[in-house]
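J.: What follows is a protein structure lacking sequence information:
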């Protein structure tokens, strides 16, 4: 049998991802429907920051359309990366992810319901409540089926997802008329196209309140490697930790879904890629998955709004096109599913 | 154990359990169990399947909530401690532990440092020394960078014992550690437990093989239906008459012709001729 596979140093990967993030943020700011040169974009960025004034139209495109959209994509990607890692750890399920376990669908239903009821200011709260109820339902169902094995958890997630999606379809069918169809649809598929500064604020808030505490759980998550009994023997309060972490993951997912809709597979694909490179230790895995998620989603969104110009795809379509085959590959690799 | 390696933790001086009761979903799995395990010795926990051995061990380590009772290690009441403090006194080697993660042997052993580590800093020098000492002490140094999933059963079990020793406990609990091991690995593991006990550790292990219990443990606790039926010096407890009653088999004393150690031989209970 071979030795453990060669790994990349976490510091090195962190530095590479940091550079990559700065690069994709910068590049993404310069591409789009309005063709602006790198010089024009930077002039506009500096203009708002007190430099020489520039064409207000250019400044508006850069500052009020592209910048908040890109920042939202980065925050949503980072948050979903973190949520995926912690869910995989405390359910000991390599296939756990906010999307596959139904949290995103639950959050979507909560959000669509208050949106259509004209209570848009409740959006983040309703999305959080939806995510939390879905998490409890999926994990409760899997536990009642006999334990949190990967197959049971994913099947329970499918059931919860399907139910939340049916509820969403029902309210959409009943209440949505004409133009708002398109808006709700792009939202259900997952998109950051409509993100402005208030969305950046909500995503930042969700990341600070729920994402940052989760980033600090690394060694506690490591203790779950060999299961609940082993974690308890290492001094972890297993039920309390599990529900606390899942609660924060639901809060994070709810906050993110309320600005971007349900974007799938980011929490599944990026943590796996990072794990392959640096190994399963959570102290490195958590921040690196956040960085990788941010880079990935900014890139995916840049593709979404440029590849089929002048048409725009919701970014969730791109992440699913990439993520679903990776999910299938993970299924093939999981020998111990039952 | 090598210099600078794991030490025997605080609370050295044997285990005293009084009136321990565990209920799960309305069923009493351990019923008012009281027994002792002497310091620096191997104590065998024996009894038929479903006697409550695993549940009892899991309750001792704090993985099951107790319905009542006291657990003292070296005079320290474990139930009054925080989980983290308890994990610095008691370590547990589970039956058939498994992970899907690509952990190396060294990373697996280093998990044992979690109750000692600050949550915010990476592993300190002491942890590194203890982990390397545990790897060396159990003959795992040459396997340290291997993926835990690629080890043989015996090597893997040794890695879990090394992880438990990295906790620097006073009390080491094991749940049927010889399960699924070939005969060489079984004997190697039992010899190792005896060696650890001689170095001052209190070892309590569930064992299916009564010959192993007779040969390697100084003290035996017999469990049936969640109750302690007998405890005492192993050769006093593991008499053919008692074993016949406990398991419903025929039993006789033997002596291992190679080692001269005490053992037991078994046969099914005689069925009346048809």
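T.: Now that the structure is in, tell me what you want to look at. Since the structure is predicted, the reported quantities are computational estimates derived from the model, not experimental observations. Residues are numbered from 1 along each chain as shown, chains lettered A, B, ... in the order given.

J.: Could I get the full set of helices for the stretch 151-274 of chain B?
T.: B:153-166, B:183-198, B:210-216, B:234-237, B:240-247 (DSSP state H, counting those that start in this stretch).

J.: Need the winner for burial among these.
T.: Compared across these, helix B:153-166 shows the largest average neighbour count, a mean of 24 (mean count of other Cβ atoms under 10 Å in any protein chain shown). C-betas here are computed from N, CA, C, even on glycine.

J.: quick one: that helix to helix B:183-198, angle?
T.: Relative orientation of helix B:153-166 versus helix B:183-198 (axes from the mean of the first three to the mean of the last three Cα atoms, to 10 degrees): 20 degrees.

J.: residues contacting the residue in chain B that chain A sits nearest to?
T.: The nearest approach of chain B to chain A comes at residue B:87, 3.3 Å away (Cβ to the nearest Cβ). Residue B:87 makes contacts with A:233-235, B:62, B:114-115, B:167, as judged by Cβ atoms under 8 Å, 6 or more residues apart in numbering or on different chains.

J.: so the helix or strand of chain B with the lowest mean pLDDT versus helix B:240-247, what angle?
T.: Within chain B, no helix or strand scores below strand B:262-268, which has a mean of 88 by mean pLDDT, DSSP states H and E. Interaxial angle, strand B:262-268 versus helix B:240-247 (the same axes, to 10 degrees): 50 degrees.

J.: ranges for the strands of chain A?
T.: Counting by DSSP state E, one finds no strands in chain A.

J.: what does stretch B:218-231 contact?
T.: Contacts for stretch B:218-231 (Cβ under 8 Å, 6+ apart): B:22, B:28-38, B:41-48, B:51-53, B:55-56, B:197, B:204, B:213, B:232-234, B:237-238, B:242, B:246.

J.: ok so, going back, from the contacts of residue B:87, which shows the smallest pLDDT?
T.: Minimum pLDDT across those is recorded for residue B:62, with 89.

J.: Surely that residue is in contact with residue A:231?
T.: No - with contact defined as Cβ atoms under 8 Å, residue B:62 does not count as touching residue A:231 (10.8 Å).

J.: Overlap in contacts, the two.
T.: Counting by Cβ under 8 Å, 6+ apart, nothing touches both residue B:62 and residue A:231.

J.: Wait, a strand at residue B:45?
T.: Yes - looking at residue B:45 with DSSP: H, G, I helix; E, B strand; the rest coil, it is inside a strand.

J.: so who does it touch?
T.: Here residue B:45 is in contact with B:53, B:56-57, B:204-207, B:220-221, B:223 (Cβ under 8 Å, 6+ apart).

J.: let's go with 10 Å and repeat that
T.: B:35, B:37, B:51-54, B:56-57, B:173-176, B:204-207, B:213, B:217, B:219-223, B:228, B:231 (Cβ atoms under 10 Å, 6 or more residues apart in numbering or on different chains).

J.: Nearest residue to it in space, please, no chain neighbours.
T.: In space, not counting the residues next to it along the chain, residue B:45 is nearest to residue B:206; the distance is 4.4 Å by Cβ to Cβ, 6 or more residues apart in numbering or on different chains.
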